[in-house]
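Chemist: give me a model of this one.
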Amino acid sequence: MTTPETSAVRARLERLVDGLSAPLRDTVRGLVERPGKQLRSTMLAACAGFGEADPGRVARLGAVVELVHLASLVHDDVIDRAAVRRGRPAAHREAGTELALLAGLACLGAAGAEAAELGEDVSVPVSRTIAELTHGELLDVERGFDVTLSLPDYVELVRRKTGALFELSCLLGAAEARLGRPARTALAAFGREFGIAFQIMDDCWDLTAAGADKPVGTDQLLGLFGAPTLSALRADDSGRLGELLLSPGFSVADLAEVRELVTGLGGITAARELAGVHYRKALSALAAAPGRPAGAALRAIAEKVWGEP
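Modeler: I've put the predicted structure just below:
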C-alpha cells in the first residue's frame with residue numbers, strides 16, 4: 001500500500017541511486033523500482049510518530065534502512081543462488097555476480113554517506129547494524145548443513161541477520177521522535193523481537209507456500225535449515241530426516257519427503273509457536289512505550305504483517 005510516507009522514502013531512494021555510477025546505478029535502480037512492502041521504513045515512520053519528527057529527516061532515514069535492506073537482499077541472493085527477487089530475475093542473474101556484489105556495496109556506501117550527513121547519532125547505529133548483519137550472514141554460511149544447530153543458536157543468528165535491521169528502524173524512529181531512553185529501549189526491543197518472529201515465519205513459509213521469489217523448500221537444498229526443520233530434527237528418533245538432508249544425492253526431487261517429514265514431526269507447529277513467543281515479546285515491549293495513538297498504529301502494522309501468508 002502506497003502512502004505519503006512510503007512515497008517520500010522511495011523518492012529519496014531514487015535520488016540517492018541516481019548518484020551512483022552507471023553500471024551500479026542501473027542494477028540498483030531495478031530493485032528500487034520494485035520497492036516491496038518497505039516494511040522497515042514504515043515501522044521507522046510509525047516510531048517517529050510517537051513525537052514531532054521532521055518528515056524530511058524521517059524520509060531520509062527510511063531511505064537509509066531500505067538501502068541497507070537492499071544490499072542484504074542482493075548479497076543474500078548471491079549466497080543462496082536465488083533466481084528471482086521481487087518478481088524479476090535476481091540482480092546477479094541479470095548483471096552477473098561481480099556487478100551484483102558491487103551494487104550491494106554501493107547501496108551500503110550510499111546508506112553510510114546519507115547517515116553521516118544526518119549526524120553521528122544516526123551514522124553510529126547504522127554502522128553497528130551493518131556489522132551485525134554481516135556477522136549474521138557469515139554465521140548463516142558457516143552453519144550450512146548443520147543438522148545439530150540448536151534452536152537458541154539459530155535464534156541468535158536470526159537476531160543478527162534479521163532482527164538487527166528492524167531494531168535499527170525502530171530505534172532511529174524513536175530517536176527522531178526525541179523519546180527518552182526507556183521508550184527508545186522499548187521500541188528497539190519491539191523491532192528486534194518482531195524481526196526474529198518475522199524470520200521464523202518466513203522459514204515456515206519456505207516449506208509451506210511457494211512465493212514469487214523461490215520455489216517451496218529450496219533453502220533445504222542449500223543446507224539452510226530454519227526453525228521448522230531444526231525442530232523436526234530434534235523430534236526425529238528414526239534419524240531419517242537428517243540422513244536425507246545430508247545425503248550426497250539430495251535434490252529437488254526429495255523436497256516433498258522433507259516437507260512431509262518436517263510437518264509430520266511437528267516442526268512447522270513448533271516453529272510457529274516459537275515465532276509466537278517472540279511476537280508476543282514484541283507486543284509486550286511496545287506496550288511499555290508511551291503514546292497510545294502511535295502505539296496503536298505500530299501494532300496495526302505488526303498485526304497486518306503477522307496475518308499475511
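Chemist: pLDDT averaged over the helix or strand encompassing residue 44 - what is it?
Modeler: Residue 44 belongs to helix 39-48 when assigned by DSSP states H and E. Averaging pLDDT along helix 39-48 gives 96.
Chemist: next one: it to chain centre, how far?
Modeler: In terms of Cα atoms, centre = their mean, to the nearest Å, the centre of helix 39-48 is found 14 Å from the chain centre.
Chemist: what residues of the helix or strand following that helix count as buried?
Modeler: Going down the chain from helix 39-48, the next helix or strand is helix 55-80, by DSSP H and E. Judged by neighbour count (16 or more other Cβ atoms under 10 Å), helix 55-80 contains these buried residues: 58-78, 80. All C-beta atoms are positioned from the backbone trio N, CA, C, and that covers glycine.
Chemist: same check on stretch 113-122?
Modeler: 114-115, 118, 122.
Chemist: so how far is it off the chain centroid?
Modeler: Here stretch 113-122 shows a centroid-to-chain-centroid distance of 22 Å under the convention Cα atoms, centre = their mean.
Chemist: about what we covered before: quick one: list the elements packing against the helix holding residue 44.
Modeler: helix 4-18, helix 55-80, helix 164-176, helix 181-208, helix 292-306 (3 or more Cβ pairs under 8 Å, 6 or more residues apart in numbering; DSSP states H and E).
Chemist: run the angle between the longest one and helix 164-176 for me.
Modeler: With axes from the mean of the first three to the mean of the last three Cα atoms, to 10 degrees applied, the angle from helix 181-208 to helix 164-176 works out at 150 degrees.
Chemist: next SSE downstream of helix 181-208?
Modeler: Where DSSP H and E defines the elements, the next helix or strand beyond helix 181-208 is helix 218-221.
Chemist: hmm, who's touching that next one?
Modeler: 80, 203, 206-207, 225-226, 229, 245, 250-252, 255, 258 (Cβ atoms under 8 Å, 6 or more residues apart in numbering).
Chemist: can you name the two of these that sit furthest apart?
Modeler: 203 and 251 (20.5 Å; Cβ to Cβ).
Chemist: of the two, which one has the most company?
Modeler: Taking neighbours as other Cβ atoms under 10 Å, residue 203 and residue 251 compare with residue 203 leading, 25 against 8.
Chemist: state the pLDDT value of that one.
Modeler: pLDDT, residue 203: 91.
Chemist: let me see the contact set for the closest residue to it other than its chain neighbours.
Modeler: Distances taken as Cβ to Cβ, 6 or more residues apart in numbering place residue 226 nearest to residue 203, at 2.7 Å, with adjacent residues excluded. Residue 226 is in contact with 154, 200, 202-204, 206-207, 219, 271, counting by Cβ under 8 Å, 6+ apart.
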